[in-house]
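In: What follows is a predicted structure for the sequence shown.
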Amino acid sequence: MTSASTNHRARIVLIENNALLLMHRLKSGREFYSFPGGGIEEGETPENAAVRETKEETGLTVTVIKKLWEIESVGRREYFFLVKKTGGIIMLGGPEKERQSENNVYALEWIPLEKLGSLTVFPEETKQKITELVL
């Protein structure tokens, strides 16, 4: 569960079979994609938060390979980590599952890397960073 004690977030970049795992969102009439992850709790490292949030949100167990970048987005620091799946079955969970409604949809999707450029992804600068990462 995300704590209000910090405004920083940890997010994952999971690529398998030339596809990127993203959270497809439909919220208040807007459609966009974001990276799985969430808030860093008090006393938690960004790496540990990325692993914990991934398990809560996606059902997957991951190992951090390396930190990719940090972004200042909407007044908060977001840490992005390249991860490797080590277990689990993809299944929406945590607060995202609890908040799911007709006007607030969360869906985990594997997005082919070649389609990333045509999508609305937040934070916006991550699309270019992912393209540079996979080249």
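Out: Right, received. Where do you want to start? Numbering: from 1, shown residues only.

In: Quick one: residues contacting the most far-flung residue of the chain relative to its centre.
Out: Relative to the centre of the chain, and counting by CA atoms, centre = their mean, the farthest-placed residue is residue 102 at 21.4 Å. By CB atoms under 8 Å, 6 or more residues apart in numbering, the contact set of residue 102 is empty. Placement of C-beta: from N, CA and C, glycine included.

In: again with residue 25
Out: 31-34, 105-107.

In: Show me which positions of stretch 127-135 end up buried.
Out: Residues of stretch 127-135 classed as buried under the neighbour-count rule (16 or more other CB atoms under 10 Å) are 127, 130, 133.

In: By residue count, which helix of the chain is the longest?
Out: helix 46-58 (DSSP state H).

In: List the ones among the contacts of residue 25 that fall in strands.
Out: 31-34, 105-107 (DSSP state E).

In: Return the closest of the residues you listed with respect to residue 23.
Out: residue 34 (5.0 Å; CB to CB).

In: how many other residues sit next to that closest one?
Out: Applying other CB atoms under 10 Å, we find 16 residues neighbouring residue 34.

In: surely it meets residue 122?
Out: Yes - counting by CB atoms under 8 Å, residue 34 sits close enough to residue 122 to count as a contact (5.1 Å).
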